[in-house]
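Student: how would this look folded up:
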Amino acid sequence: ALVRELTSHIWTRLERARAEVALRLNEEKYRAVFESLDEGVSLLEVLFDDDGRAADYRFVENNPAVEQMTGVGNSTGKTVLELFPEMDRQLIETAGEVVRSGRSVRFQHAVSALGRWFDVHEARVGGDDSRTVVAVFADITERKQQEQRQEFLLKLSDALRAETGVEAVGKRATQLIANQLGADRVYLVTLTPVDDTVVVTHETRRGDLPPLLGSYRSSDFPSAIKEIFERTIVYTDVRTDARLSEPERLAFAGLGAVGFIAAPIRRGSEAMIWAAGALSTGPRAWTPNEIALFENAVERTWAAVEHARAEAALRESEARFRGAFEQARVGIVQTTLEGQILVGNPGFCHLLGYTDEEARTLTVRDITHPDDYEPDMALARRVIASEIQGYTFEKRYVRKSGEIIWVQLTSSLVRDAAGQPNYAMAVVEDITERKQAVEALRESEERMRLLIESANDYSIFTTDAGGFITSWSEGAHRLFGWTADEA
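Tutor: Numbers count the residues shown, from 1 in each chain. Below you'll find the model as predicted:
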């Protein structure tokens, strides 16, 4: 019996020792994982007030990642409101609900006191009476800033796309950027350093600030102008920035600028031709996210300005073309590649005797003399095949009345952005009178030739202005004895 009791006692001690060793090993493994996690891990004790509401929570233990994310050390034993008096109470209430319900939660939250975004997973540790919560959280600030930046840039692009004209685009862009950054002034400028000129073309400003629109001397800001040709310039406080001379600081003060940022726009390796600036009337530490947002917004604004300019130029060009199209005395016609008439100007319709509506129902074959259609189409096929750029061809048209007229047609192809044939354009000039004159002259010359050749009984010859003989009849040969070659 003594042996059995002793054996049992020893076995119990051995089992306890084995359990303690296993526990210590597990704790060491836990500690190694706890210390090495990239995510922040905090054990929190939720503190309730007399009414049973979560009023605060105390940090029982934090892994090193918590200090890295929050910038706060030695937080163990302290409450969150001791460390961050302005902390959002919603976070405390959420932890309290986890304790009461025993259900884990996951959420994303912006901690304004830290200026950071976190993805948080909280769960109760222990039984129903436990007030301990484990919180695992990851810093997602950069991702959230990117999402917010993209959301704003999409909003900016949509807003600028809806505006018409450079003036409206510039005004809307500066408004949206100023609102997003909370800047006191945002403006657009053109820079021409060779002329010592900076022109502020658009701006949005705080109501009590004077306007900046107008022209300034670039030589008043030599350091800023030099730097902006290379990169975005950022000044937290122009009054103390070592890059600026005293005259430059005074010049910035004249603009009401203390905190300042400006981003350039370039065309490849060319000198910058356009820029945007934002300023605050007090010192401002521009964050990397704000700088990136400003640069992206400036790029999109420039694209919208260029698009507005291109549209304005296109409208002007179309107006000029429409004026020339409508007023031209010659005919101008647009056709499909198959020869269907799409539109003809008044000169073209008058030439053929059709109204505009009637002309749109016709094809090239309908108005072309049968003998001239295939030669015309053969040239058109060569243009479509890119063998020739265009062609000029004399052909006959059949007017609505049935009258045959001669025209000189100059045709070319209009291609789309991908270089594919789109439609044909032709300029048509009525040359009927010229053709008739040429034919009449030919007939007259032929009659004269026959007359000269048949006149044997009398002399007929012609001379030029210098008195030199240009023609010599057989009668002249008989009368004077000289042949035409000798004469």
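
Student: What strand or helix carries Val186?
Tutor: Secondary structure from DSSP states H and E places Val186 in strand 185-192.

Student: Hmm, I typed the wrong one, I wanted Phe252.
Tutor: Here Phe252 is assigned to helix 246-254, by DSSP H and E.

Student: Where do the helices of the stretch 351-487 of the chain begin and end?
Tutor: 356-359, 364-367, 370-384, 432-454, 474-480 (DSSP state H, counting those that start in this stretch).

Student: Please identify the one among those that comes closest to Phe118.
Tutor: Phe118 sits nearest to helix 370-384 of all these, at 63.7 Å, using C-beta to C-beta. Every residue, glycine included, has its C-beta placed from N, CA and C.

Student: quick one: buried residues of the closest one?
Tutor: The neighbour-count check on helix 370-384 (16 or more other C-beta atoms under 10 Å) flags Asp372, Tyr373, Asp376, Leu379, Ala380, Val383 as buried.

Student: And those, which is closest to Leu37?
Tutor: Closest approach to Leu37 among the buried residues of helix 370-384 (C-beta to C-beta): Val383, at 71.2 Å.

Student: ok so, going back, tell me which other helices or strands the strand holding Val186 touches.
Tutor: Applying 3 or more C-beta pairs under 8 Å, 6 or more residues apart in numbering; DSSP states H and E, one finds that strand 185-192 contacts helix 166-181, strand 197-205, strand 274-280.

Student: Please identify the most buried of those.
Tutor: Highest mean neighbour count among those (mean count of other C-beta atoms under 10 Å): strand 274-280, with a mean of 24.

Student: so what does that strand touch, helix or strand wise?
Tutor: Here strand 274-280 touches helix 166-181, strand 185-192, strand 259-265, helix 288-327, going by 3+ C-beta pairs under 8 Å, 6+ apart.

Student: tilt between it and strand 197-205?
Tutor: Strand 274-280 and strand 197-205 meet at an angle of 50 degrees, taking axes from the mean of the first three to the mean of the last three C-alpha atoms, to 10 degrees as the criterion.

Student: got the angle for strand 274-280 vs helix 166-181?
Tutor: 40 degrees.

Student: can you tell me the average pLDDT over strand 274-280?
Tutor: Per-residue pLDDT over strand 274-280 has a mean of 93.

Student: Could you do stretch 430-447 as well?
Tutor: Rounded mean pLDDT across stretch 430-447 is 82.

Student: where's Asp237, which helix or strand?
Tutor: Going by DSSP H and E, Asp237 is not part of any helix or strand.

Student: Please tell me I have it right and it contacts Gly259.
Tutor: Yes - with contact defined as C-beta atoms under 8 Å, Asp237 reaches Gly259; the gap is 6.6 Å.

Student: More neighbours: which of the two?
Tutor: Gly259 (20 against 16; other C-beta atoms under 10 Å).

Student: Please report the distance of the closest residue to the more buried one other than its chain neighbours from Arg239.
Tutor: Spatial nearest neighbour of Gly259, excluding adjacent residues (C-beta to C-beta, 6 or more residues apart in numbering): Arg284 at 2.9 Å. Distance, Arg284 to Arg239, by C-beta to C-beta, to the nearest Å: 12 Å.

Student: Show me whatever sits in contact with both of those two.
Tutor: Counting by C-beta atoms under 8 Å, 6 or more residues apart in numbering, the shared contacts of Arg284 and Arg239 are Val258.

Student: of these two, who's got more company?
Tutor: Arg284 (22 against 14).

Student: so which helix or strand takes in that one?
Tutor: Using DSSP H and E, no helix or strand contains Arg284.

Student: looking at the helices and strands packed on strand 274-280, which is closest to Gly96?
Tutor: Evaluated over these, closeness to Gly96 peaks at helix 288-327, with 32.5 Å, by C-beta to C-beta.

Student: name the helices or strands packed onto that closest one?
Tutor: Helix 288-327 packs on helix 141-161, helix 166-181, strand 259-265, strand 274-280, going by 3+ C-beta pairs under 8 Å, 6+ apart.

Student: Report the rounded mean pLDDT for it.
Tutor: On average, helix 288-327 scores 86.

Student: moving C-terminal of it, what's the next helix or strand?
Tutor: Immediately after helix 288-327, counting by DSSP H and E, sits strand 331-335.

Student: Just checking the distance from the following helix or strand past that next one to the centre of its chain.
Tutor: Next in sequence after strand 331-335, counting helices and strands by DSSP H and E, comes strand 341-344. Here strand 341-344 is found 35 Å from its chain centre; the criterion is C-alpha atoms, centre = their mean, to the nearest Å.

Student: other SSEs contacting strand 341-344?
Tutor: Packing contacts for strand 341-344, counted by 3+ C-beta pairs under 8 Å, 6+ apart, involve strand 331-335, helix 356-359.

Student: Can you say which of these is packed in most?
Tutor: strand 331-335 (a mean of 20).

Student: what lines up beside that strand in the sheet?
Tutor: strand 341-344 (antiparallel), strand 421-430 (antiparallel) (DSSP bridges).

Student: Which one, of the helices of the stretch 351-487 of the chain, ends up nearest to Leu212?
Tutor: helix 356-359 (52.4 Å).

Student: tilt between the strand holding Val186 and helix 288-327?
Tutor: Orientation of strand 185-192 against helix 288-327 (the same axes, to 10 degrees) gives an angle of 60 degrees.

Student: what about strand 185-192, average pLDDT?
Tutor: 91.

Student: CA atoms only: put that strand into PDB for me.
Tutor: C-alpha atoms of strand 185-192 as PDB (Å, rounded to 0.1, in the frame of the first residue of the first chain):
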ATOM      1  CA  ARG A 185      -7.100  79.500 -52.500                       C
ATOM      2  CA  VAL A 186      -6.600  77.300 -55.600                       C
ATOM      3  CA  TYR A 187      -5.600  78.800 -58.900                       C
ATOM      4  CA  LEU A 188      -4.400  77.900 -62.400                       C
ATOM      5  CA  VAL A 189      -1.500  79.800 -64.100                       C
ATOM      6  CA  THR A 190       0.300  79.900 -67.400                       C
ATOM      7  CA  LEU A 191       4.100  80.600 -67.200                       C
ATOM      8  CA  THR A 192       6.300  82.200 -69.800                       C
END
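
Student: still on that earlier bit, output the helices and strands packed on helix 288-327 as JSON lines; include the columns distance to Glu311.
Tutor: Listed next are these as JSON lines, based on distance: least, C-beta to C-beta, whole Å:
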{"stretch": "helix 141-161", "distance to Glu311": "11"}
{"stretch": "helix 166-181", "distance to Glu311": "9"}
{"stretch": "strand 259-265", "distance to Glu311": "19"}
{"stretch": "strand 274-280", "distance to Glu311": "18"}
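
Student: and the helices and strands packed on strand 274-280 as JSON lines, adding distance to Leu81?
Tutor: Output for the helices and strands packed on strand 274-280, formatted as JSON lines (distance: least, C-beta to C-beta, whole Å):
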{"stretch": "helix 166-181", "distance to Leu81": "31"}
{"stretch": "strand 185-192", "distance to Leu81": "38"}
{"stretch": "strand 259-265", "distance to Leu81": "32"}
{"stretch": "helix 288-327", "distance to Leu81": "28"}
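
Student: Identify whichever of these lies nearest to His202.
Tutor: Comparing the helices and strands packed on strand 274-280 by C-beta to C-beta, helix 166-181 comes nearest, at 3.4 Å.

Student: and the closest one, what does it pack onto?
Tutor: If contacts are counted by 3+ C-beta pairs under 8 Å, 6+ apart, helix 166-181 sits against helix 141-161, strand 185-192, strand 197-205, strand 274-280, helix 288-327.
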